[in-house]
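>>> next come a sequence and a model predicted from it.
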Amino acid sequence: MVFVKGRAFRLGDIGSESGKPFVPLLQNNKPPIAIELDGFSIQSKEVTWGEFLVYLHDVDRVDEYTVEYCFKNAVRLPILANDDPSSPNYRKKPARSPNYFEAEKYCSWLAEKTDLPFALPTEAQWEYAARSRGQRIAYATNNGELVLDDYLQKASVDPLKPVTGNVLIHSSFAVERRPVGSYQPSPLGLYDMTGNVPEWTRDWFQSGYGHLDASNPVASEPGEGPDSLKKSVRDIAGYGDHSGGLATVYARRAVSVDSPNQGFRCVVNHPEPIN
């Protein structure tokens with residue numbers, strides 16, 4: 001866990017110093033709003049497949065993680081984890097949760113095991129952490145810039161190919177991940193908040209931020225509109241998109257709660273560092 005000291009910041013596309021928006025293709029992250037966050041701790045890495053499988057075994061639900069139970073990614077991720085870096089079931093690769101509620105239950109399971117207030121991050125917490133406490137940066141990489149790994153830019157993919165660059169943004173037609181922690185962390189000490197897999201947040205999606213409170217905001221109830229029953233997902237670069245600012249930490253997407261294509265990480269909602 002990485003402790004993130006809270007403070008006031010502006011949530012949303014604040015634009016570059018030249019005044020241009022970071023995400024010109026989207027309007028659902030504008031205008032930015034001033035909010036204040038308490039401190040919290042966030043997992044430095046995305047939850048791995050090996051960790052997720054421990055949870056499924058512990059709650060005695062591993063046998064339900066099948067295609068027959070509508071867990072579509074069971075085709076790609078059968079019910080096992082291994083130590084083979086070339087395998088899609090490599091335990092250190094980020095988990096792709098079968099749906100939103102499974103990710104939420106994982107964080108609740110951690111809360112039960114540790115007696116700490118674990119939860120999925122709110123959208124505001126996610127962006128604040130990705131921006132290294134709300135800084136005006138575009139990407140949550142080691143230097144705030146993109147240097148693409150050429151891992152998937154060849155005709156044939158070698159899972160053992162050494163890491164290059166500082167981020168994995170793959171083709172949107174490819175289903176592939178690097179093991180968590182493959183790239184240098186952000187200045188705050190967080191990995192893969194740009195690229196690898198997109199991540200669930202707690203918030204029900206609404207376009208813009210006018211519905212949020214000014215202090216520790218979370219859209220805990222569905223709003224109105226065509227996307228009202230969808231959750232807000234961050235790190236669109238995890239889908240493979242990287243044009244028009246969609247790979248920046250400001251981009252957001254409304255995603256159905258039964259979508260199986262997202263990863264996640266948890267937070268501990270406590271204003272002081274935890275042991």
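Right, received. Where do you want to start? Numbers count the residues shown, from 1 in each chain.
>>> the closest residue in space to residue 229 that isn't next to it in sequence: how many residues sit nearby?
Using Cβ to Cβ, 6 or more residues apart in numbering and skipping the chain neighbours, the partner closest in space to residue 229 is residue 222 (5.5 Å). Glycine gets a C-beta too; all of them are placed from N, C-alpha and C. Residue 222 has 14 neighbours, counted by other Cβ atoms under 10 Å.
>>> now do the contacts for residue 222.
204, 228, 229 (Cβ atoms under 8 Å, 6 or more residues apart in numbering).
>>> just send those residues back as CSV, with secondary structure, pLDDT and neighbour count too.
CSV is the format used below for the contacts of residue 222 (DSSP: H, G, I helix; E, B strand; the rest coil; pLDDT from 0 to 100; neighbours: other Cβ atoms under 10 Å):
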residue, secondary structure, pLDDT, neighbour count
204, strand, 98, 21
228, coil, 89, 14
229, coil, 94, 13
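>>> closest to residue 105 among the residues you listed?
Ranked by distance to residue 105 (Cβ to Cβ), these are led by residue 204 at 17.4 Å.
>>> and the residue nearest to residue 229, what pLDDT?
With respect to pLDDT, residue 222 has a value of 95.
>>> what helix or strand is it on?
In this structure, residue 222 sits in neither a helix nor a strand according to DSSP states H and E.
>>> please name the bridge partners of residue 3.
Applying DSSP bridges to residue 3 gives these bridge partners: residue 41.
>>> correct me, but it touches residue 273?
Yes: shown here, residue 3 and residue 273 form a contact pair, counting by Cβ atoms under 8 Å, at 4.1 Å.
>>> out of the two, which sits in the busier spot?
The neighbour comparison of residue 3 against residue 273 (other Cβ under 10 Å) goes to residue 3, with 17 against 13.
>>> next one: the more buried one from residue 126, what distance?
Going from residue 3 to residue 126 by Cβ to Cβ, to the nearest Å gives 15 Å.
>>> per-residue pLDDT, residue 87?
For residue 87, pLDDT reads 82.
>>> contacting residues for it?
residue 159.
>>> that one looks like it's in a helix, true?
No: Residue 87 sits outside any helix when classified using DSSP: H, G, I helix; E, B strand; the rest coil, being coil.
>>> residues of the worst-scoring helix or strand of the chain on mean pLDDT that come out buried?
In the chain, the helix or strand scored least confidently by mean pLDDT, DSSP states H and E is helix 49-58, which has a mean of 94. Across helix 49-58, burial judged by 16 or more other Cβ atoms under 10 Å covers 49, 50, 51, 52, 53, 54, 55, 56.
>>> low-confidence ranges in the stretch 101-250 of the chain?
The stretch 101-250 of the chain contains residues with pLDDT under 70 at 153-156, 172-175.
>>> how about the strands in it?
Here the stretch 101-250 of the chain has its strands, by DSSP state E, counting those that start in this stretch, at 118-119, 199-204, 230-234.
>>> before we move on, back to that, and of the contacts of residue 222, the nearest to residue 248?
residue 204 (22.3 Å).
>>> so what's the closest one bridging to?
Beta bridges link residue 204 to residue 231, judged by DSSP bridges.
>>> wouldn't it be in contact with residue 231 here?
Yes: between residue 204 and residue 231 there is a contact under Cβ under 8 Å: 6.3 Å.
>>> just to revisit the earlier point, what is the least confident helix or strand of the chain packed up against?
With contacts taken as 3 or more Cβ pairs under 8 Å, 6 or more residues apart in numbering; DSSP states H and E, helix 49-58 sits against helix 100-114.
>>> just checking, what packs against the helix it packs on?
helix 49-58, strand 118-119, strand 199-204.
>>> please name whichever of the ones you listed is nearest to residue 136.
strand 199-204 (21.0 Å).
>>> what angle do that closest one and helix 100-114 make?
With axes from the mean of the first three to the mean of the last three Cα atoms, to 10 degrees defining the directions, strand 199-204 sits at 100 degrees from helix 100-114.
>>> what's around residue 108, how many residues?
15.
>>> next, the contact list for it, please.
So residue 108 contacts 118, 119 (Cβ under 8 Å, 6+ apart).
>>> that's all I had, so thanks and see you.
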